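Undergrad: Structural data only, the sequence is not supplied:
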């Protein structure tokens, strides 16, 4: 005899009433200028985006990479040298109009998976360079907001999914190159910035609702 496991009435109601995911609208994003980093010791993508009533605009994009001699250093000593190089690069990227950004964000280092040490060490340098002002954004959370799901091992969110998601809101550079790259690291940084703007708008809405009932 085989037994079957049935869903509870609450679970059935949840399945029936659950709304399908739809991409956020422009009005769902807070209006602000954000500098974002998708950090790692070997490749860090940096962007500055500005969200206003007319759209979300890419103001700057660049890569922070260690020179070949630093990249060639092995083991822990190499990681520390690459971290020092990243710190210098982040400090440079914070000058000029970047210093006036409303927020700075970077990827929350994962506790498991690939490149955890690299992302963690790189994140520490961004924390240091910004004197703790930078806000961490979880990569999986950002994917849920912009792609509709965080992904699994069997059904991952791919680079193509992220590209499609961010290009829904941000127009790529007309001529992508060294001066204005548009690669996976840049697009991941844009995704983090967009997720921050969505969260910020939700916080603004909640604050307004509380103020209205006070």
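TA: Perfect, I can see it now. None of the values given here were measured: they were computed from a predicted structure.

Undergrad: Going by contacts, tell me the helices and strands next to the helix or strand hosting residue 47.
TA: For residue 47, the element it lies in under DSSP states H and E is strand 44-52. On a contact count with 3 or more C-beta pairs under 8 Å, 6 or more residues apart in numbering; DSSP states H and E, strand 44-52 meets strand 33-38, strand 55-64, helix 75-93, helix 184-213. Every residue, glycine included, has its C-beta placed from N, CA and C.

Undergrad: can you do 10 Å?
TA: Packing partners of strand 44-52 (3 or more C-beta pairs under 10 Å, 6 or more residues apart in numbering; DSSP states H and E): strand 33-38, strand 55-64, helix 75-93, strand 103-107, helix 116-129, helix 184-213.

Undergrad: Quick one, which of the ones you listed gets closest to residue 174.
TA: With C-beta to C-beta as the criterion, residue 174 lies closest to strand 55-64 of these, at 10.7 Å.

Undergrad: ok and that closest one relative to strand 33-38, angle-wise?
TA: Strand 55-64 and strand 33-38 are oriented at 40 degrees to each other (axes from the mean of the first three to the mean of the last three C-alpha atoms, to 10 degrees).

Undergrad: Could you list the buried residues of strand 55-64?
TA: The neighbour-count check on strand 55-64 (16 or more other C-beta atoms under 10 Å) flags 56, 58, 60-62, 64 as buried.

Undergrad: for those, which one is nearest residue 195?
TA: Of all the buried residues of strand 55-64, residue 195 sits closest to residue 56, with 12.4 Å by C-beta to C-beta.

Undergrad: Could you check how far residue 209 is from residue 169?
TA: 25 Å (C-beta to C-beta, to the nearest Å).

Undergrad: the more surrounded of the two?
TA: Set side by side, residue 209 and residue 169 show more neighbours around residue 169, with 22 against 10, by other C-beta atoms under 10 Å.

Undergrad: helix/strand/coil for the more buried one?
TA: Using DSSP: H, G, I helix; E, B strand; the rest coil, the structure places residue 169 in coil.

Undergrad: surely it meets residue 145?
TA: No - Residue 169 is beyond contact range of residue 145, at 11.6 Å (criterion: C-beta atoms under 10 Å).

Undergrad: what do these two both touch?
TA: Here residue 169 and residue 145 share the contacting residues 23-24, 191, 194, 197, scored by C-beta atoms under 10 Å, 6 or more residues apart in numbering.

Undergrad: which of the residues in the strand holding residue 47 are buried?
TA: 44-51.

Undergrad: Just give me the residue closest to the centre of the protein.
TA: Centroid check for the chain by C-alpha atoms, centre = their mean gives residue 192 as the closest residue, at 1.7 Å.
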